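Peer 1: no sequence on this one, just coordinates:
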């Protein structure tokens, strides 16, 4: 009988000695979870990449609230011309589909364009679209007819960006060239 009391006393002493350490560790873990240290979705960086020849330096997407929900809008896109010659870009399209929808002609693109020398960078944003005109780049769904809806700010989205351009040496006939970019970014709160 004495042997079983000693075992119970040893168990009690063990729990009292190490119980405080377990409680402190549990409190520290609870505080870290509350602070969001283990929330990996917040740590995902915004990413965009174009096919060779065009470089995406940065992207900022916003979720703008409208009458029928949140719409995805490109607030800012910084690109660099990595082609060996000067280009003229004339339009930017954001969509969920894999194919461009509204292909301008090469003549239109050469006439209404912003020029970028080889190695030059340019920031495309709501305040300065092609020709410096105000141009919100509203993302469309795959069909190109409806705005791309998101659940709200904070959502990670993966649309495609299409930049329409011509090279300096192009003849001006046919359609403009297109550079396709892929995006994975978090939509921030914003207004158009």
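Peer 2: Everything's here; your move. Predicted model only: the values in this text are computed from it and were never measured. Numbering: from 1, shown residues only.
Peer 1: quick one: low-confidence parts of this protein?
Peer 2: Along the chain, the parts satisfying pLDDT under 70 run over 1-5, 40-43, 126-135.
Peer 1: tell me the domain boundaries of this structure?
Peer 2: Following automatic domain parsing, one gets these domains for the chain: 2-38, 45-190.
Peer 1: Can you lay out the ones you listed as a markdown table showing mean neighbour count?
Peer 2: Where C-beta positions appear, they are placed from N, C-alpha and C, glycine not excepted. A markdown table is the format used below for the domains of the chain (neighbours: other CB atoms under 10 Å):
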| stretch | mean neighbour count |
| --- | --- |
| domain 2-38 | 10 |
| domain 45-190 | 17 |
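Peer 1: Figure out the length between the terminal residues of stretch 91-111.
Peer 2: Stretch 91-111 has an end-to-end distance of 12 Å (criterion: CA to CA, to the nearest Å).
Peer 1: if we look at that stretch, which residues are touching it?
Peer 2: When contacts are defined by CB atoms under 8 Å, 6 or more residues apart in numbering, stretch 91-111 is touched by residues 72, 74, 77, 88-90, 124, 129-130, 137-144, 148, 159-166, 170-178, 180.
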